[in-house]
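K.L.:
Could you look at this predicted model? Sequence included:
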Amino acid sequence: MRSVPQARVLLVGAGGHARVCLDALVDSGHDVVGCVSRDGTAVVGLPCPVVGADGDLSQAAAACAATHAFVAIGDNTARQAAAARCRAAGLPLVNAVSKYAMVADSARLGVGVAVFAGAVLNAGASVADGVIVNTRASVDHDNVIDSFAHVSVGVALAGGVHIGERALVGIGSVVLPGLSVGSDAVVGGGAVVVCDVPAGVTVVGVPAKQVQS
């Protein structure tokens, strides 16, 4: 797993998702020294200080002496854009991996990855930059999850599954072995995917079928 030990981290995002990310960052050995949000405010219960809005990340990082960043934004497209702003501000991204997650030694993680409590990444799994592997998600052997995808709470991905960039795999859904979910596709909560899902479409149900626009 690629990350930076004991980094001073600026948390980009200050909502409920950020609270879970903060716990995982602490589990990963990082010191979260401040956070930013769109309007400079944070949800109740986020213990790190709010050091500004996210319009000027360089200034916010200087205010709390942050050396790295983590993007705690659930929306895939917004998270990708915020990660690009972090890089432009000279803030490398770290990973947030819960101490209650199980990550195989042969699993490969990019940067800016979140792996929450109860999640499992099995042998040979490859998780690209900015991916969220949410609470109790199961990512089985040799899965490939492309950048800024979100594998939601309680998802089960069987072996050899490929999840495309910015795809959203909804809560409690299942993807059968060897299938692919295309970039920017959405798998509805509780769906069972039994055939490949093309890029940009939404599927729902058991078995999962494309929603007609």
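P.N.:
Everything's here; your move.

K.L.:
Which residue would you name as the spatial centre of the protein?
P.N.:
When Cα atoms, centre = their mean is applied to the chain, the residue found nearest the centroid is Ile132 (2.0 Å).

K.L.:
looking at the protein, which helix or strand does the model trust least?
P.N.:
Sorting the helices and strands of the chain by mean pLDDT, DSSP states H and E puts strand 50-53 at the bottom, at a mean of 87.

K.L.:
helices or strands next to that one in the packing?
P.N.:
Packing contacts for strand 50-53, counted by 3 or more Cβ pairs under 8 Å, 6 or more residues apart in numbering; DSSP states H and E, involve strand 31-37, helix 57-64. Where C-beta positions appear, they are placed from N, C-alpha and C, glycine not excepted.

K.L.:
Would you map out the domains in the protein?
P.N.:
Domain ranges of the chain: 8-93, 98-206, per automatic domain parsing.

K.L.:
In terms of mean pLDDT, which of these ranks lowest?
P.N.:
Lowest mean pLDDT of the domains of the chain: domain 8-93, a mean of 92.

K.L.:
thinking again about what came up before, relative to the least confident helix or strand of the chain, what are the paired strands and their orientations?
P.N.:
Paired strands of strand 50-53, with direction, are strand 31-37 (parallel) (DSSP bridges).

K.L.:
Just the CA atoms of the partner strand, as CSV, please.
P.N.:
What follows is strand 31-37, C-alpha atoms only, in CSV (Å, rounded to 0.1, in the frame of the first residue of the first chain):
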residue,chain,number,x,y,z
ASP,A,31,-1.9,13.9,11.8
VAL,A,32,-4.9,15.7,10.5
VAL,A,33,-4.0,19.3,11.2
GLY,A,34,-6.9,21.2,9.5
CYS,A,35,-9.8,20.9,7.1
VAL,A,36,-11.4,23.1,4.4
SER,A,37,-14.9,23.1,3.0
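
K.L.:
Give me the angle between it and helix 57-64.
P.N.:
140 degrees (axes from the mean of the first three to the mean of the last three Cα atoms, to 10 degrees).

K.L.:
Which positions within strand 31-37 qualify as buried?
P.N.:
Buried residues in strand 31-37, defined by neighbour count with 16 or more other Cβ atoms under 10 Å: Val32, Val33, Gly34, Cys35, Val36, Ser37.

K.L.:
Repeat that for stretch 93-111.
P.N.:
Leu93, Val94, Asn95, Ala96, Val97, Ser98, Ala101, Val103, Ala107, Leu109, Gly110, Val111.

K.L.:
Out of those, list just those in strands.
P.N.:
Among the buried residues of stretch 93-111, the members falling in strands (DSSP state E) are Ala96, Val97, Val103, Leu109.

K.L.:
Let me know the closest of those residues to His68.
P.N.:
Proximity of these to His68 (Cβ to Cβ) peaks at Ala96, which lies at 11.3 Å.
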